[in-house]
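**Q** Predicted model follows, preceded by the sequence.
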Amino acid sequence: MVKAAAPGVDWREDRRRSAREAIVAAAWALVEQDGLAGLSLRDLAQRAGITTPTVYAYFDSKNAIYDAMFGQAAEQFLAHMSAVEVTGNARSDLVAELSQFAEFCISNVARYQLLFQRTIPGFAPSADSYGHAVAALDRVQVRLAALGFTDPRLLDLWTAMGTGLVDQQISNDPGGDRWLRLIEDAVDMFLAHFPPEPPPKRKRAKR
């Protein structure tokens, strides 16, 4: 059933947006079943209940579909990570951060691969779709800085540590928790080598 357009919204644009969303939803269902490389426009059209030429009426290429999927996934990732509770305690906040990241990644392997691995030859997200991914990385940098980790190298190390644990978990123990159990140990190693910087001292007001 096609939803009625909201007041002030052109019905044609509303219908086009709904059709694109339905195609992207069908694409996600396919890649979760067959993997990212297994996305076929013919199978996609069949899954969405339309013809292959109709798919091209909304997306000019398969990469355009991947781009829409990337943008949606990046937006979901930003929202998921922004829900992490902040306590101000470096260890507990880093454990929560890394646990939240791992939870997002292993809950949908195809989505993780699209966002964090270059598994599709010739595909690169557009600037619009990549915007949420940039915002998510900026958020991590701000969170680390707030906890006393301001060295730019630590952002690289932190993200590499997170994806490394997730890669191992997905590749070698799918459905298990062998590498997820190492999250607290990984955070302790991080803190042992890079203790957080103390907050700057406030200058006393002159009387």
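**A** In hand now; what should we look at? Residues are numbered from 1 along each chain as shown.
**Q** Show me which helix runs longest in the protein.
**A** Ranked by residue count under DSSP state H, the longest helix found in the chain is helix 11-34.
**Q** how far off helix 11-34 does the very next helix or strand once past that one point, in degrees?
**A** Using DSSP states H and E, the helix or strand that follows helix 11-34 in sequence is helix 41-48. Helix 41-48 runs at 110 degrees relative to helix 11-34, counting by axes from the mean of the first three to the mean of the last three Cα atoms, to 10 degrees.
**Q** Tell me the helix or strand right after helix 41-48.
**A** helix 52-58.
**Q** Just the buried residues of that next one, please?
**A** Under the neighbour-count criterion of 16 or more other Cβ atoms under 10 Å, helix 52-58 has 55, 58 buried. (Each C-beta comes from the backbone N, C-alpha and C, glycine too.)
**Q** So, low pLDDT: which residues of this protein?
**A** Within the chain, the stretches with pLDDT under 70 are 1-9, 199-207.
**Q** Nearest the middle, which residue of this protein would you pick?
**A** The structure's the chain has its C-alpha centroid closest to residue 77; by Cα atoms, centre = their mean the separation is 3.6 Å.
**Q** which SS class is it?
**A** Assigned state for residue 77: helix (three-state reduction, DSSP: H, G, I helix; E, B strand; the rest coil).
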